[in-house]
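Visitor: Need coordinates for the following:
(4 chains)
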There are 2 protein chains.
Amino acid sequence: MPTLTDPVALLRDAGLRVTRPRLAVIDALGRQPHADVDSIADAARVELGTVSTQAIYDVLKAFATAGLVRRIEPAGSPARFELRVGDNHHHVVCRSCGAIADVDCAHGSAPCLTASNDHGFSIDEAEVTYWGICPDCAATPAHESSILIREEPHA
Amino acid sequence: MPTLTDPVALLRDAGLRVTRPRLAVIDALGRQPHADVDSIADAARVELGTVSTQAIYDVLKAFATAGLVRRIEPAGSPARFELRVGDNHHHVVCRSCGAIADVDCAHGSAPCLTASNDHGFSIDEAEVTYWGICPDCAATPAHESSILIREEPHA
DNA sequence: ATCCTATTCTTGAATGATTCCAGAAAAGGT
DNA sequence: ACCTTTTCTGGAATCATTCAAGAATAGGAT
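Guide: Predicted coordinates for the structure are as follows:
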């Protein structure tokens, strides 16, 4: 049976046409949250045989515009996408391998939006990115799979 | 202008050689916080006549590694750099023009590092990005059609 | 069900930010 | 000053993303 929400209904409700690439992207995101474009394209190709990378970009852009997906761009990583949307959650990013996990807002929604001094900006979102090392990388003795190197002064 | 710390001493203390491009970059960052590489290069060229863009990249990388500057990468913008370092402050970014302003951590340093569920990650930094519209853009009469244009961030 | 038109997908090339490379120049300790 | 190490230059490469123009397709209307 359909996953969480019926993908077809999801698309129709958003006023988007139902196409195989789009369904494949939804499916890919369902099983791989925080995937980047390449991963999504790979997953889609398993399902569809072939899809152009541009089709994936187009689909993701359409989804993002329609509010179906959220695009996140941790420094040093290509853009990632996720289906969880509109629930004010945040992310932990591994400095070593780039892995991402969800973090619910610990303080509720309001405090997250409170800046000490907004400099006159009208703020509509507070995005929190936690940086650290994921369990896998912490457990790995050698650093063989360190693709992502990001120097940052330790706070 | 009497800079907070003597630039030459700043470099020496960091174990870095004192070169004209480096001093120019420090100067540029001093008067234009959150500048991107292009802006820094432009400012440096005013001072030095000519400098290669790569020299600027190298200088910034050396500074970042030495902990002299912090590199920030708001989604959709090229990397920005700032001299303020090690004081756990955050940023407001204008969705319209990309302007960036500093925001001191309202909760002190500890709560900022607290994630509701760290998924086993060992977290060493919490980076908060507030998104909104800067006063200038808010004041600008209806510019709905204006696409995101790369503009000089107003200091 | 078939046709029509807007929308989407394909291929291929362009762009922008950043990095890599090898040689030339310069900094600074001895 | 000399010499070694480090930095700077100019050019090309790389990666993610976007643009462009034609071909294919979805889905409402006939």
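
Visitor: so what are the domain limits for chain A?
Guide: According to automatic domain parsing, chain A comprises the domains A:7-72, A:87-139.

Visitor: and chain B, which of the ones you listed is closest to it?
Guide: domain A:87-139 (3.8 Å; C-beta to the nearest C-beta). The way it works is simple: take the backbone N, C-alpha and C, and place the C-beta from them, glycine included.

Visitor: and that closest one, does that touch DNA strand C?
Guide: No - shown here: domain A:87-139 not in contact with DNA strand C (C-beta under 7 Å from any atom of the strand), separated by at least 14.5 Å.

Visitor: returning to that earlier point: which one of the domains of chain A lies nearest to DNA strand D?
Guide: Closest approach to DNA strand D among these is made by domain A:7-72 (3.5 Å; C-beta to the nearest atom of the strand).

Visitor: First-to-last residue distance for that closest one?
Guide: 22 Å (C-alpha to C-alpha, to the nearest Å).

Visitor: and if you look at stretch A:46-62?
Guide: For stretch A:46-62, the end-to-end distance is 22 Å (C-alpha to C-alpha).

Visitor: go on, stretch A:81-93?
Guide: Stretch A:81-93: ends 14 Å apart by C-alpha to C-alpha.

Visitor: Then stretch A:6-24?
Guide: End-to-end for stretch A:6-24, by C-alpha to C-alpha: 13 Å.

Visitor: Are that stretch and DNA strand D in contact anywhere?
Guide: Yes - part of stretch A:6-24 sits near DNA strand D under the criterion C-beta under 7 Å from any atom of the strand, namely A:17-20.

Visitor: What's the per-residue pLDDT of the closest residue to A:T129 other than its chain neighbours here?
Guide: Nearest residue to A:T129, sequence neighbours excluded (C-beta to C-beta, 6 or more residues apart in numbering or on different chains): B:E127, at 4.5 Å. The model reports B:E127 with a pLDDT of 89.

Visitor: ditto for the one 3 residues further on
Guide: At B:Y130, the pLDDT value in this model is 91.

Visitor: Is it in a helix, a strand, or coil?
Guide: Under DSSP: H, G, I helix; E, B strand; the rest coil, B:Y130 falls in the strand class.

Visitor: which secondary element of chain A has the worst mean pLDDT?
Guide: Counting by mean pLDDT, DSSP states H and E, chain A has its least confident helix or strand at helix A:109-112, which shows a mean of 54.

Visitor: A:V103 and A:H90 touch, don't they?
Guide: Yes - under the criterion of C-beta atoms under 8 Å, A:V103 is in contact with A:H90, at a separation of 4.6 Å.

Visitor: ok, back up a step: export the domains of chain A to a markdown table and append columns for mean neighbour count and distance to B:A138.
Guide: Formatted as a markdown table, the domains of chain A follow (neighbours: other C-beta atoms under 10 Å in any protein chain shown; distance: least, C-beta to C-beta, whole Å):
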| stretch | mean neighbour count | distance to B:A138 |
| --- | --- | --- |
| domain A:7-72 | 16 | 23 |
| domain A:87-139 | 17 | 6 |
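
Visitor: any idea which of these scores lowest on pLDDT?
Guide: domain A:87-139 (a mean of 82).

Visitor: end to end, how far does that one reach?
Guide: Termini of domain A:87-139 sit 32 Å apart (C-alpha to C-alpha).

Visitor: What residues does chain A have near DNA strand D?
Guide: So chain A meets DNA strand D at A:17-20, A:36-38, A:53-54, A:57, A:61, A:73, A:78-79 (C-beta under 7 Å from any atom of the strand).

Visitor: Narrow the residues you listed to those in strands?
Guide: In strands, defined here by DSSP state E, the members of these are A:D36.

Visitor: from the middle of its chain, how far away would the longest helix belonging to chain A be?
Guide: Of all the segments assigned as helix in chain A under DSSP state H, the longest by residue count is helix A:53-66. The chain centre lies 13 Å from the centre of helix A:53-66; the measure is C-alpha atoms, centre = their mean, to the nearest Å.

Visitor: just checking, A:R17 touches A:L11?
Guide: Yes - using C-beta under 8 Å, A:R17 makes contact with A:L11 at a distance of 7.1 Å.
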